[in-house]
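Asks: Provided below are the primary sequence and the corresponding predicted coordinates.
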Amino acid sequence: MAARARAGIAPAAEAAYLAGLNPEQREAVETLDGPLLVLAGAGTGKTRVLTARVAHILATGRAFPSQILVVTFTNKAAREMKERIHAMVGDQVEGMPWLGTFHSIGVRILRRHHELVGLKSGFTILDTDDQIRLLKQLLAAENIDEKRWPARLLASTIDGWKNRGLSPKDVPPGEGAVFANGKGGMLYAAYQARLKALNAVDFGDLLLEGIRLFRENPDVLAEYHRRFKYLLVDEYQDTNVAQYLWLRLLAQGSKNVCCVGDDDQSIYGWRGAEVDNILRFESDFPGAKVIRLERNYRSTGHILASASHLIAHNEGRLGKTLFSEGEEGERVTVTGAWDSGEEARAVGEEIEALQRAGHRLSEIAILVRASFQMREFEDRFVTLGLNYRVIGGPRFYERAEIRDALAYLRCVNSAADDLAFERIVNVPKRGIGDATVKQIHDVARAAGVPLQEAARALAQSEELKPKVRATMRGLIEAFDRWREQARTLSHTELAEIVLDESGYTEMWQKDRSAEAAGRLENLKELVRSMEPFENLAGFLEHIALVMDTDNGAGEDAVQVMTLHSAKGLEFDTVFLPGWEEGLFPHQRALDEQGKAGLEEERRLAYVGITRARASARIWFASNRRIHGLWNSTVPSRFLDELPDAHVRVEESRGGMGWGGSSYGGGSYGQSRFDRAEPFAASSYSTPGWQRAQNNRGRSDGGGPSRSGFSERSGGRYDAGAAGRRGPMVIEGTLVASSTGAPSSFRTGERVFHIKFGYGEITGIDGNKLTVQFDKAGEKRVLEAFVDRV
DNA sequence: ATCAGTATACTTTTT
DNA sequence: GTATACTGAT
């Protein structure tokens, strides 16, 4: 009541969508005029606020459904948003064409004004794979060695520019010169020209061309200004510069832009997200109001306190203090395992125990930093017969058979789709090899026609060998026939005919390999997924933008995924394995991004912990195999940053544990390296451990560093952290890296290894030794981890 | 044109 | 250790 009076809005009756909102949420829903930033901490009901806000705008008659722009990042988020709005306002949501991802709305706008940005109607949207193939061609045309300058690198460089809203002419000359000895900028321009010639855009263009459209056509922009009375943006911390510019242009109209996000959950910096966008909101949108949602409805007290204490170590943040009124619950646990195998075994046992205690598997998640970690858990679960599901991973559309099938359909849909034609011209193998393809290219270029036309011309000429000519003619005729059939048949029937007559299905039927059956199944699934669409073109557009397939909830199973894909989800119990220096925080994040990288890793840790409602269980292993070699590891610095009072250190039950019992009694407040004798009397009093300790001491002596931290990155991190928090300095990890230095060992010597025990050196390669172990057999190990005996 | 053997890399991922 | 990508031989 009070809130309503304060906001000066008095709906006839208390609206259902306002029921149960706390004062801050309610304020965020009811503050409709002017720019608004809602800083919504983890589990504070951000989606609820967004959806209630839409309901409120509609209920108060401030705008029609078609006058509200709601932007999300993923299709999944858009879908969920739509469902929840539907639950509140019913079928009015059907009148909201401007609810979608940045990209889907971007296409929608470009399709309406294609002629203003130099595109023909029906332009195609290239995916990453098409992009790479196109760039490869450009590199070849420029005689640039693809070995030294991979197309992938160029693709991500161009993507980076596009993320930052830079078209070829805007790229700073210095940056453009970095790739291929000064040819980067030129290649970007050439790439854009090729796209135009192909009547195609890539994902970045969907926004970049939109920005250009608005800038060059004020009347068009004004039209959208009139249209969009309210703008809502989800996950604002994930926006990149291009998205920000695009949004700002649109928001200049009504100025009623509401962005919801959490700077502490910004984990996509590596793909262009700018935390700065959210940090600078108030200056970017003058007169902006900021509302903080800090009441957490998800996690218990200990979990929340642990996450909050951890994230407080970050400098660049707006600052929020999450609180809850729920139970303290159980403490966050930290458990060490001897190696990654034991980690998986112990986690498996715990999950079985939880299952026996009546917990549902689908309420248990394993959140890993890197996908290679999943494998050991999967192996373990298979042995245990534990149901699990891997979320993420290679997506449906990325599978070769799906892409091939789509390429066929694209060729039928548009004879001008060169990239699709190129992909399938010799799939299945029909004897049209590189040489012939090059011929087609030459003809196409000379005549300025699409590849399919060029192929047609060649098939009629005398230039090809009779055999190739016949196949070519057959293929062209097939495409003509399919296009003809497309007029009369449904698109699903057409797809079946195309896949069948092209010999594509047959190709997999003949394939004896293990995955062939699955591929055929996927093809069927593809055809099935076409059903809801009106026509082929509509389906192809959808598939270009919506590349996820939701493999429905399904049966009760443990959820295995990366920390990144866990954002936005929640579970009763969350296992967080692999909290070791080098893996988490990831070495590469540290090397490449320095302090910013560390802070993003820390946000990732924060995201991980806050996924848990009742139980968060962190693990680390003392030994892990990295690139095939066993390495000793050091527990993650993030463990030190957890608050003692809310954490319980546990002994691993299975096997040897990590042996560091003194660890549990000690304080977490400071770096463990500040202690004089960290693990005296532990099982680490072995030659290998001592040697590792010595190495650590040695690495600050200025000699060639053997630590996993390069001198460069270690120094950079220390400089940043030492200044403000003193003892966080970690001089070097025990993760040894390869050095070219000659080994001090000789073959025939007896050595001891921390994991494999005693053995005899049989070979030496730099600092890698081949050792015949008495018990473990022959292994290749790093010199740093064995000792003379 | 195709296969097999070797080189190479290998965080995170959406659209 | 393993998957993929490319080169060279058939």
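Replies: All right, it came through fine. Computed from a prediction, not measured in an experiment: that's the story for all the values here. Numbers count the residues shown, from 1 in each chain, chains lettered A, B, ... in the order given.
Asks: partner residues bridging residue A:388?
Replies: Beta-bridge partners for residue A:388, by DSSP bridges, are residue A:558.
Asks: tell me the pLDDT at it?
Replies: Listed pLDDT for residue A:388 reads 90.
Asks: roughly how far apart are it and residue A:302?
Replies: Separation of residue A:388 from residue A:302 (Cβ to Cβ, to the nearest Å) stands at 27 Å. (Each C-beta comes from the backbone N, C-alpha and C, glycine too.)
Asks: And those two? Which one has more around it.
Replies: residue A:302 (24 against 20; other Cβ atoms under 10 Å).
Asks: By proximity to DNA strand B, which residue of chain A wins?
Replies: Residue nearest to DNA strand B within chain A (Cβ to the nearest atom of the strand): residue A:433, separated by 1.9 Å.
Asks: Touching, that residue and residue A:425? I think so.
Replies: No - at 9.7 Å, residue A:433 does not count as touching residue A:425 under the criterion of Cβ atoms under 8 Å.
Asks: which element is the closest residue to residue A:169 other than its chain neighbours on?
Replies: Spatially, and ignoring its direct neighbours in sequence, residue A:169 is nearest to residue A:189 (7.9 Å; Cβ to Cβ, 6 or more residues apart in numbering). According to DSSP states H and E, residue A:189 maps onto helix A:184-197.
Asks: what pLDDT does whatever residue of the stretch 501-650 of chain A ends up closest to DNA strand C get?
Replies: The nearest approach of the stretch 501-650 of chain A to DNA strand C comes at residue A:628, 2.6 Å away (Cβ to the nearest atom of the strand). In this model, residue A:628 is scored at 82, pLDDT.
Asks: Tell me the residues of chain A that contact DNA strand C?
Replies: By Cβ under 7 Å from any atom of the strand, the residues of chain A that approach DNA strand C are A:146, A:147, A:625, A:627, A:628.
Asks: any chance of these in TSV, with neighbour count too?
Replies: Below are these laid out as TSV (neighbours: other Cβ atoms under 10 Å):
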residue	neighbour count
A:146	14
A:147	6
A:625	15
A:627	7
A:628	7
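Asks: What is the nearest of these to residue A:172?
Replies: residue A:146 (25.0 Å; Cβ to Cβ).
Asks: How about that closest one, nearest residue that isn't a chain neighbour?
Replies: residue A:139 (5.5 Å).
Asks: Contacts only, for that neighbour.
Replies: For residue A:139, the contact set (Cβ atoms under 8 Å, 6 or more residues apart in numbering) comprises A:146, A:149, A:151, A:154, A:180, A:187.
Asks: Going through those, which ones are buried?
Replies: Buried by 16 or more other Cβ atoms under 10 Å: A:149, A:151, A:154, A:180, A:187, out of the contacts of residue A:139.
Asks: Share the number of residues neighbouring the residue nearest to residue A:169, please.
Replies: The number of residues packed near residue A:189 is 15, by other Cβ under 10 Å.
Asks: cool, and residue A:194?
Replies: When neighbours are defined as other Cβ under 10 Å, residue A:194 has 16 of them.
Asks: Next: residue A:590.
Replies: Using other Cβ under 10 Å, residue A:590 has 24 other residues around it.
Asks: and what of residue A:229?
Replies: Using other Cβ under 10 Å, residue A:229 is surrounded by 18 other residues.
Asks: Against DNA strand C, how distant is it?
Replies: Using Cβ to the nearest atom of the strand, to the nearest Å, residue A:229 is found at 47 Å from DNA strand C.
Asks: contacting residues around that residue?
Replies: Contacts of residue A:229 (Cβ under 8 Å, 6+ apart): A:57, A:62, A:63, A:67, A:68, A:254, A:256.
Asks: Have a look at chain A and report its longest strand.
Replies: Scanning chain A for the longest strand, with DSSP state E as the assignment, gives strand A:612-626.
Asks: elements contacting that strand?
Replies: Secondary structure elements in contact with strand A:612-626, counted by 3 or more Cβ pairs under 8 Å, 6 or more residues apart in numbering; DSSP states H and E, are helix A:301-311, strand A:332-339, helix A:340-356, strand A:571-576, helix A:587-610, strand A:629-632.
Asks: These into CSV, with extra columns for distance to residue A:200?
Replies: Shown next, in CSV, are the helices and strands packed on strand A:612-626 (distance: least, Cβ to Cβ, whole Å):
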stretch, distance to residue A:200
helix A:301-311, 42
strand A:332-339, 49
helix A:340-356, 44
strand A:571-576, 41
helix A:587-610, 31
strand A:629-632, 44
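Asks: Which one of the ones you listed lies nearest to residue A:29?
Replies: Residue A:29 lies closest to helix A:587-610 among the helices and strands packed on strand A:612-626, at 23.0 Å (Cβ to Cβ).
Asks: So for the closest one, what gets flagged as buried?
Replies: Neighbour-count burial for helix A:587-610, counted by 16+ other Cβ under 10 Å, picks out A:587, A:589-591, A:593-595, A:597-610.
Asks: ok, which pair from the buried ones among the contacts of residue A:139 is furthest apart?
Replies: That would be A:151 and A:180, which, of the buried ones among the contacts of residue A:139, are the farthest apart (Cβ to Cβ) at 10.8 Å.
Asks: which ones are touching the residue positioned nearest the centre of chain A?
Replies: Nearest to the geometric centre of chain A sits residue A:564, at 5.9 Å (Cα atoms, centre = their mean). Counting by Cβ under 8 Å, 6+ apart, residue A:564 makes contact with A:267, A:268, A:392, A:604.
Asks: The last one contacts residue A:562, doesn't it?
Replies: No - Residue A:604 is not in contact with residue A:562 according to Cβ under 8 Å; the separation is 9.3 Å.
Asks: what residues do these two have in common as contacts?
Replies: Common neighbours of residue A:604 and residue A:562, counting by Cβ under 8 Å, 6+ apart, are residue A:369.
Asks: one step back: quick check: angle from the one helix or strand the residue nearest to residue A:146 maps to to helix A:184-197?
Replies: If you go by DSSP H and E, residue A:139 is part of helix A:128-141. Angle between the axes of helix A:128-141 and helix A:184-197 is 120 degrees (criterion: axes from the mean of the first three to the mean of the last three Cα atoms, to 10 degrees).
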